[in-house]
Every structure is written in structure tokens, then in C-alpha cells.
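Asker: Pasting the sequence and the predicted model now:
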Amino acid sequence: MQVGELIGPVDVGPIAHGGHCVARVDGQVVFVRHALPGELVQVRVRDVTRRFARGDAVEIVRPADERVSPPCPVAGECGGCDFQHVAPAFQLELKRRVLAEQLQRLAGIVWDGVVEPVDPLLGSRYRMRFVTDADGRLGLRAHRSHEVVPLPSEGCRLAHASMPRRVREMATDSADVTPGERGGEQNRSPFDEPAEYLGVVSAEGGRLFRPGTDALVTQQVGERTFTVAADGFWQAHVAAPEVLTAAVLDGLRPEPDERAFDLYCGVGVFAGALADAGCQVWGVEGNKAAIALARRNVPQARFQVGDVARTLSRLPGRADLVVLDPPRTGAGKAVMAAVARLRPRAVAYVACDPAALARDLGFAAEHGYRASSIRAFDLFGMTHHLEAVAILYR
Ligand SMILES: C[S@@+](CC[C@H](N)C(=O)[O-])C[C@H]1O[C@@H](n2cnc3c(N)ncnc32)[C@H](O)[C@@H]1O
């Protein structure tokens, strides 16, 4: 099998972690994008390693019933979405299969939940990373490539309506990037090389920033207002902070005066909700700028900056409630053990990666903490990504 080769027709097997379907061709595993389980497709090989190959379904010989025509004209070229060709209800089902499979395989957990849809499916993104092409048009990168796919004229279907579609619409702190203004050379191509932009929708409206900006924006979550770095972490889906906060509070049922830790706290979203429930709150976060904002956003809570594994020892030795919202790699064995040593009444684990969640739930089980509920939310429609909230009790 060689890169660029057209192979098939190929029988497409089950969905795998990462959103590709698994196929076998002459005994070799091929991860196929733009396909669905049960389809018969022609595959263009994109990448070959010693253990597997990757390819794109470029012709659908026998389509699945759940295949739809993508709402976006650049679906398939643009690397932003990988589920545009899947009926929305079946997108949820594919994500459910991946989460259930990871929980079973890595943690021995039989999960019979569903992935809950979250409105809106389209027009939901408050945060996006764009890049310009050689003509200065905003676009997104193609899958596993530096190539830039310009946004369609109506903009990205996932972006919130206030998200800028052109660099020209920008009202930012970075005056160096409006075409025509750059160097004062009106007749030159506006961009010599691709430039990256952060698209951010906030209470201030939709704006573009350059990575590394120290600009701050305002986000509202329920009654609370958060000051957030434009270049710092904030959930992408407009409804995510409220949906996840509600799931965490429903699961933990915090009581006034309980001691609660918010680990990987960012600018303090869960810390704020726990403080509002009357808890005494401690937060830990590795990013200094985020901690400075967390202190400002939730002055009732106490925050520590540092790596969670190393910083937990600076917090009280007991907690009633713990929230963990680690990055994609998960919290890991040492953190899960340290959390168990706090002997919390309940733990809420917020996860964006099903495999990391499953591994960490496995570690938690070694210390006597088991998931009493695992809810999953479709906060990344049109892609294979999901967000989950597991509630653990001893
Ligand atoms: C998924 S975000 C969650 C942020 C926050 N809970 C929210 O909802 O806005 C993960 C956070 O963990 C922080 N982080 C990553 N690795 C860390 C570590 N080893 N120790 C402490 N914080 C870390 C990141 O800076 C980021 O803010």
C-alpha cells in the first residue's frame, strides 16, 4: 500500500477512538475518514506506517442509511469537521460507541448511557483557530496538513453568528494585521505568509486576535461574569460552561461549608459555582495568567498555581468534594491516587478524551472510587469529539 494509491472497494468496519472507521485490507489496518460503518468505499491512501495506514473515503460505492450530504461546502477538505457526512442522531450514536468501548476496554466499565445533544449544533463555537491563506483570506487547516482551506463565503457553519469571517472585520488590540495597513504598502499582497488568528466571541462581540495577545474578554455563565484571556482556555461551545457546571453540581450536590477542590481550574468556572453553593473552595491551575484571573473572578476561593500532582500537598489534607477537569492527556495515576487520599465524599471528573477518562477511572477504582454516573455531551457537533462528566463515590 502506498501514499496516493486508490484502494477498494473496501468494507468499512466499526468506528474507533479518534473518529475514523477501521477497515482491513490484505491484513493491514486502515483508518478511514469520511466513511461510516458498514459502507463499501474506495479509499485514497494518505499515510502509511509500519502498523497501519490512513486514508479518505473518496467514492462511496454502498452508502450507509445514516449518510447525509454535508451542510458545509468545504466538508472533506477542511480539517475542522470529520462528521459532516453523518446524520446528527447517528453522530451521537458513533460517539456513544467510542466512549462505551473505551470504558469497557480500559476500565472494565459497562456503560449504557447516551451522548446528550446540546443546542445549537451549528453556530455554536465561541472559540476557533483560523489561519490565512496566501491571499489573506481566513481559513482552517486541512486535516493533518499545513494547507489552508479558505472559509466558505457564509463563514464556518460551526462558528457563532458573531464570529468574524474576514480579517477586515477585526476590531482588536493588534493593529498590524489589517490588509492594506500592513507596512503601508497598499498594492502588495496583504500577507506574505499564513498568519494565525484566534476567533473569540464574548460579551464584547466577535473579534480576532493574534496568538500570544494579552487581551482579556468577558464571558457570562449564569449569574457569574468571568474575565478570560483571549489566548487562554475557554470551552469552545457557547453552552458548554453552563451544561458542564450543571452536570457537576447535579452530580456532587454540594452542601454549604463543604470543602471543595477545583483541580485544573482555569479561570475558576467550577470554583465559582461551588462557592455560590456555599462551599469553601480551593483551586489549582498550572497557568499563572489563568490563576490571576481566577482570583479576580472568584475572590471567595483560594487558588494555587502549579502542577496539580505537585501542588495538591499545599492544600488541606481532606476535601469533601473534588472536581477535576484535566487536559486531553488526563490526570494520571499519581493525581487520581492523591485525590483518593483526600477521602472526598464525591468526585466530578470532566473529560474531553474518552481514553484518558477510562484510564483515570481505572486508577480511581484501584483506590475504591467508582463511577456512579457517566454523562456525555455533544459539545463538539460535526466532529468526533465529546465531553463527559463522571461522578465518583467511594
Ligand atoms: C480542560 S482545561 C479546564 C479549565 C477549566 N476547568 C474550565 O472549564 O475553564 C484544563 C486546564 O488545566 C490546566 N493544566 C494542564 N495541565 C496541568 C497540570 N499538570 N497542572 C495544573 N494545571 C494544568 C490548563 O492550563 C487548563 O487551564
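Answerer: Yes, it's here. Keep in mind the model is a prediction, meaning the values are calculated, not measured.
Asker: Low-confidence ranges, the stretch 101-250 of the chain, go.
Answerer: Within the stretch 101-250 of the chain, the ranges that satisfy pLDDT under 70 run 168-193.
Asker: show me what contacts whichever residue of it sits closest to the ligand?
Answerer: When scored by C-beta to the nearest ligand atom, the stretch 101-250 of the chain has residue 233 as its residue closest to the ligand, at 4.2 Å. (Glycine included, C-beta is placed from N, CA and C.) For residue 233, the contact set (C-beta atoms under 8 Å, 6 or more residues apart in numbering) comprises 266, 267, 287, 290.
Asker: start to end distance for stretch 17-27?
Answerer: Stretch 17-27 has an end-to-end distance of 20 Å (C-alpha to C-alpha, to the nearest Å).
Asker: Show me what it is in contact with.
Answerer: With C-beta under 8 Å, 6+ apart, stretch 17-27 has contacts from 1, 7, 10-16, 29-33, 35-37, 39, 43, 53-54, 82-83, 94, 98, 101-102, 354-355, 383-385.
Asker: Among those, name the buried ones.
Answerer: 7, 10, 12-13, 15-16, 30-33, 35-37, 39, 43, 53-54, 82-83, 94, 98, 101-102, 354-355, 383-385 (16 or more other C-beta atoms under 10 Å).
Asker: between the contacts of residue 233, which has the most around it?
Answerer: Within those, neighbour counts (other C-beta atoms under 10 Å) peak at residue 267, which reaches 28 neighbours.
Asker: Torsion angles phi and psi at that residue?
Answerer: phi -90, psi 10 (degrees, to the nearest 10).
Asker: so it sits right up against residue 294, yeah?
Answerer: Yes. At 5.0 Å, residue 267 and residue 294 qualify as touching, with contact defined as C-beta atoms under 8 Å.
Asker: before we move on, back to that, give me the subset of the contacts of residue 233 touching the ligand.
Answerer: Applying C-beta under 6 Å from any ligand atom to those, one finds that 266, 287, 290 fall near the ligand.
Asker: Next, the residue lying closest to residue 363 once chain neighbours are set aside: secondary structure please.
Answerer: Once flanking residues are discounted, residue 363 sits nearest to residue 336: 3.9 Å by C-beta to C-beta, 6 or more residues apart in numbering. In terms of secondary structure, residue 336 is helix; the call rests on DSSP: H, G, I helix; E, B strand; the rest coil.
Asker: check contacts around residue 336.
Answerer: Taking C-beta under 8 Å, 6+ apart as the test, what residue 336 contacts is 360, 363, 364, 367, 369.
Asker: For the last one, give me its contacts.
Answerer: When you say that, I think you mean residue 369. By C-beta under 8 Å, 6+ apart, the neighbours of residue 369 are 336, 339, 340, 347, 392, 393, 394.
Asker: Show me which residues of the stretch 101-250 of the chain sit near the ligand.
Answerer: Residues of the stretch 101-250 of the chain lying near the ligand (C-beta under 6 Å from any ligand atom): 233, 235.
Asker: How about the contacts made by the residue nearest to residue 203 when sequence neighbours are not counted?
Answerer: In this structure, residue 203 finds its nearest non-sequential neighbour in residue 218, 4.1 Å apart by C-beta to C-beta, 6+ apart. If a contact means C-beta under 8 Å, 6+ apart, then residue 218 has 202, 203, 204, 225, 226, 227, 228 as its contacts.
Asker: could you say what helices and strands the host helix or strand of the fifth one packs with?
Answerer: Think residue 226. Counting by DSSP states H and E, the element that carries residue 226 is strand 224-229. When contacts are defined as 3 or more C-beta pairs under 8 Å, 6 or more residues apart in numbering; DSSP states H and E, strand 224-229 sits against strand 216-221, helix 269-276, helix 288-297.
Asker: buried sites along the longest helix along the chain?
Answerer: In the chain, taking DSSP state H as the definition, the longest helix is helix 88-107. Residues of helix 88-107 classed as buried by neighbour count (16+ other C-beta under 10 Å): 88, 90-92, 94-96, 98-103, 106-107.
Asker: So which residues of the stretch 101-250 of the chain form strands?
Answerer: 115-117, 127-132, 138-141, 148-150, 196-202, 205-209, 216-221, 224-229 (DSSP state E, counting those that start in this stretch).
Asker: okay if I get the ones you listed as JSON lines plus distance to residue 161?
Answerer: Formatted as JSON lines, the strands of the stretch 101-250 of the chain follow (distance: least, C-beta to C-beta, whole Å):
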{"stretch": "strand 115-117", "distance to residue 161": "20"}
{"stretch": "strand 127-132", "distance to residue 161": "13"}
{"stretch": "strand 138-141", "distance to residue 161": "16"}
{"stretch": "strand 148-150", "distance to residue 161": "19"}
{"stretch": "strand 196-202", "distance to residue 161": "9"}
{"stretch": "strand 205-209", "distance to residue 161": "8"}
{"stretch": "strand 216-221", "distance to residue 161": "17"}
{"stretch": "strand 224-229", "distance to residue 161": "20"}
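Asker: just so I know, which of the ones you listed lies nearest residue 330?
Answerer: Closest to residue 330 of the strands of the stretch 101-250 of the chain, according to C-beta to C-beta: strand 115-117, at 19.4 Å.
Asker: And the contacts of the closest one?
Answerer: Residues from elsewhere that reach strand 115-117 (C-beta under 8 Å, 6+ apart): 88, 92, 93, 95, 96, 99, 375, 376, 377, 378, 386.
Asker: What are the contacting residues of the longest helix of the chain?
Answerer: 14-17, 19, 36, 66, 83, 86, 109-117, 121, 354-355, 357-359, 361-362, 365, 374, 376, 378, 381-382, 384, 386, 388.
Asker: Kindly report the same for stretch 28-35.
Answerer: Under the contact criterion C-beta under 8 Å, 6+ apart, stretch 28-35 has outside partners 1, 7, 10, 12, 16, 18-24, 41, 43, 45, 51-58, 60, 76, 82, 85, 143.
Asker: Tell me the helix or strand right after the strand or helix carrying residue 374.
Answerer: Using DSSP H and E, residue 374 maps to strand 370-378. Heading C-terminal from strand 370-378, the first helix or strand you meet, by DSSP H and E, is strand 387-393.
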